[in-house]
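Engineer: 3D model of this:
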Amino acid sequence: MTAEPSVVGAAGAGAWGALAEQRDVWPTPLQELLLCAALLDDERAVSAWRRVRAHLDIPRLDGASIALLPLLRKNLIALGLDDELLPVFKGVHRFTWARNQMLLNRMLPVVAELERAGISTLLLKGAALLADSRMNAGMRSMNDVDVLVPTGMRSRAIDVLISAGLEPVGDVPIWYIAEYAPRFVPSHGFRDEDDRQLDLHWHVLHASCQPGADKDFWAAAVTAELAGVRTRCLCPADELLLVILHGLRWNAIPTYRWVVDAALLARGVSGAVDFDRILEQARRRRVAASVAAGLAYLNKVADVTVPETTLRALRSAGSSRLERFEFRAQMTEPRRRGALQRELVYHEQYLRRELPLGVRPTIRRRIALERRRLGVERPRDLRRAIGDGVPGPGRPSSEMAAAIGTGVPERSATPIALGEPIALDRAEVVRRYCLYGLWRPEGAGAWIAGREARLSLPLARAASTSLVLELSADGFLGAGRPRQRLDLSVNGAAAAALTIDSGGLRKQLIVLPKAAVAGTDSLDLVFGTPDATSPAVLGIDDDDRRVGVLLRRLLVREPRVFQVGGELAFGEGSGDEQMLLGGWSHPEPSGRWTEGELAQVLLRLEGASGPLDLEFEATPFLGSSGRSLQVEVSANQHSLRSVTYDDTTVYPWAARIPLPATAIGAEGELLLSWRIRDPLSPSAEGISEDERRLGLLLRRVAVTRRTDEL
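Structural biologist: This is a model prediction of the structure:
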């Protein structure tokens, strides 16, 4: 006889029965009382119902609790109890039945299509419980129909689903489901136009995704029929194993429906359970600790009889420290996991995909597979193994995603013309150009996966001079992170070291050095984000992906052509953003302020012969203190002149500086720099709340032929 659970406090502020700080998958005290009332068949159920009835808040019931109401109603009636809520529960039963019929009538013909295409099918979870009239369709709510196909038939099955009018849930590309999803999940959902869903499985368990993992599941499967469609179901022992293991994994939307399914299965709703088979399966798949905990809980809340010899053997088999540690980590909310828990989950996830079923993971095998996962080939790689490991395909690790990229350029990648934008919010574009290190695009762009992303951009024609990269990007900020670092190299040469704050980068111009790009017909871009982390680590949410910077848009072009004798205006409507590199504020009607200590402009001169002068017109920001402002002007890293501004300067002040031929690149490249010494902000001077560190308000720039000596 099990002891009654006790209510330890009122429900949390969210759904009924939930706790404000629920940290794992076990039902809360109130939810446990509801389970006892629905599953026990004696006075304990009556007692549990009377205790939970006082707390029951129908409008706040979550999906898991609502799904329990038809079974609760059946049990209360069998126990001779009457309650004014029973008609409400009956309405839930009717609604569940009707909703399931709509789902089954749409998805079971798709199952039949799979069978006709020569693809064997096997129903899992809810659909399996309804097959062969094992349960009334109103007693078990279903959000989707779970269907297993042989692992090698995954791609063909996807084609059948698409032909049947279904599309991937979440607008995920089909190629991502076929090629990348198997790295972290055993299934993916498909939906129709009315959001009725079929969950296509290529493996039964998260815990067994290695080749051949499902052979014995298929071998022991039993034939079944549902709504006139002939298919298969797992044998009762295997179905019970699936239900327990699926239920004891953390889910962002907590559900305890697994307890009901497992209790009914253990009681023989689909046939007698072979507990010796459960023990053997748990041992082979190294999940004995999870199965033992699940069966013990069933005994507690549903009085399910489990052979004591089975429980003892499971506890003995699951006594491995690593297995128990993994079990606790899988049940725990990702944002609350410690660093060791996270790394063990990733390690085991990889082992369960790579290590043959039944092979014992010795220390030697673990080390070999961990080295492969992290890309550690030489001792010098060990330093980078902490965190993401050595950059490359398949890294970094995540429970919920796989980073895109195979490490080699796509053969079908279309060469890009200079000036052609590359929008990284499109999955096909990311697949085409990403060698490794980008998560699947979401929203406005694609996040760098971990510390490094590498893109290969084939060019329609070889570059003859330095190039300009226009970059739009956002940082992963918040939670005490005011800024983020982004490093860029091109064809092995360092190109930029940027800092991203809350404003992000919008058309940031970066010079790709001539020495690195001239004469090449492709660009190998490596973006480094050394301070990448995950929302889970920061405690923001349960997303465990290590994210660096959100890359939005790239555009590679040649520097803007500028004729000697012409003039460039700065400010609103001038088009100056086509030549600006870092260090500039937003445009204003009369010009554009430098912001920070260095501002740069990149041009490509035509007609650069004979003695030339650089002219520019600017107004300095001297603040309220009447200080002087020193500015060092250079061209292509050649110092031209140091200019001092003070309160005796007549504004606007035009500077004219000799521009030596040696300061101009061979192809006319001209990188102009204004280095500001100690720029000040209006807020620091008490003038306004403007916190920009201002130097010069640049109005115009010109390169002219020298007509007289200066």
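Engineer: Other residues contacting whichever strand or helix holds residue 498?
Structural biologist: Secondary structure from DSSP states H and E places residue 498 in strand 493-500. Here strand 493-500 makes contact (Cβ atoms under 8 Å, 6 or more residues apart in numbering) with 469, 473-475, 477, 483-489, 505, 508, 510-513, 515-516, 549, 582. Quick note: C-beta positions are derived from backbone N, CA and C, even for glycine.
Engineer: Among those, which lie within strands?
Structural biologist: Those of the contacts of strand 493-500 mapping onto strands are 469, 473-475, 484-489, 505, 508, 510-512, 549, per DSSP state E.
Engineer: Let's see if you can find the most crowded of those.
Structural biologist: residue 549 (27 neighbours; other Cβ atoms under 10 Å).
Engineer: Does that one touch residue 488 like I think?
Structural biologist: No: taking contacts as Cβ atoms under 8 Å, residue 549 lies outside contact range of residue 488: 10.4 Å.
Engineer: Need the residues touching each of the two.
Structural biologist: By Cβ under 8 Å, 6+ apart, the residues touching both residue 549 and residue 488 are residue 527.
Engineer: how about the helix or strand of the chain with the lowest mean pLDDT: buried residues?
Structural biologist: For the chain, the helix or strand with the lowest mean confidence is helix 382-385, at a mean of 72 (criterion: mean pLDDT, DSSP states H and E). Judged by neighbour count using 16 or more other Cβ atoms under 10 Å, the buried positions of helix 382-385 are residue 384.
Engineer: Which secondary structure elements does the helix or strand just after that helix sit against?
Structural biologist: Downstream of helix 382-385, the next assigned helix or strand under DSSP H and E is strand 421-423. Packing partners of strand 421-423 (3 or more Cβ pairs under 8 Å, 6 or more residues apart in numbering; DSSP states H and E): helix 427-433, strand 547-557.
Engineer: Go again with 10 Å.
Structural biologist: Secondary-structure packing of strand 421-423 (3 or more Cβ pairs under 10 Å, 6 or more residues apart in numbering; DSSP states H and E): helix 427-433, strand 467-475, strand 547-557.
Engineer: and stretch 433-444, what's its mean pLDDT?
Structural biologist: Here stretch 433-444 scores 95 as its mean pLDDT.
Engineer: Can you give the distance of that stretch from its chain's centre?
Structural biologist: 10 Å (Cα atoms, centre = their mean, to the nearest Å).
Engineer: ends of it, how far apart?
Structural biologist: 17 Å (Cα to Cα, to the nearest Å).
Engineer: got a list of what residue 135 touches?
Structural biologist: 71, 126, 128, 129, 261, 264, 269, 270 (Cβ atoms under 10 Å, 6 or more residues apart in numbering).
Engineer: Is the second one part of a helix or strand, or is it coil?
Structural biologist: If I follow you right, that is residue 126. Following DSSP: H, G, I helix; E, B strand; the rest coil, we place residue 126 in the helix state.
Engineer: Next one, pLDDT for it please.
Structural biologist: Residue-level pLDDT assigned to residue 126 equals 95.
Engineer: now the last one
Structural biologist: pLDDT for residue 270: 86.
Engineer: just the fourth one next, same as before
Structural biologist: Note on residue 129: pLDDT of 95.
Engineer: pLDDT below threshold where in the stretch 551-700 of the chain?
Structural biologist: Within the stretch 551-700 of the chain, the stretches with pLDDT under 70 are 648-652.
Engineer: Strands of that one, residue ranges please.
Structural biologist: 560-563, 567-569, 584-588, 591-595, 598-606, 612-620, 629-635, 638-645, 653-659, 669-676, 694-705 (DSSP state E, counting those that start in this stretch).
Engineer: Looking at the ones you listed, which one is packed in the most?
Structural biologist: strand 591-595 (a mean of 23; mean count of other Cβ atoms under 10 Å).
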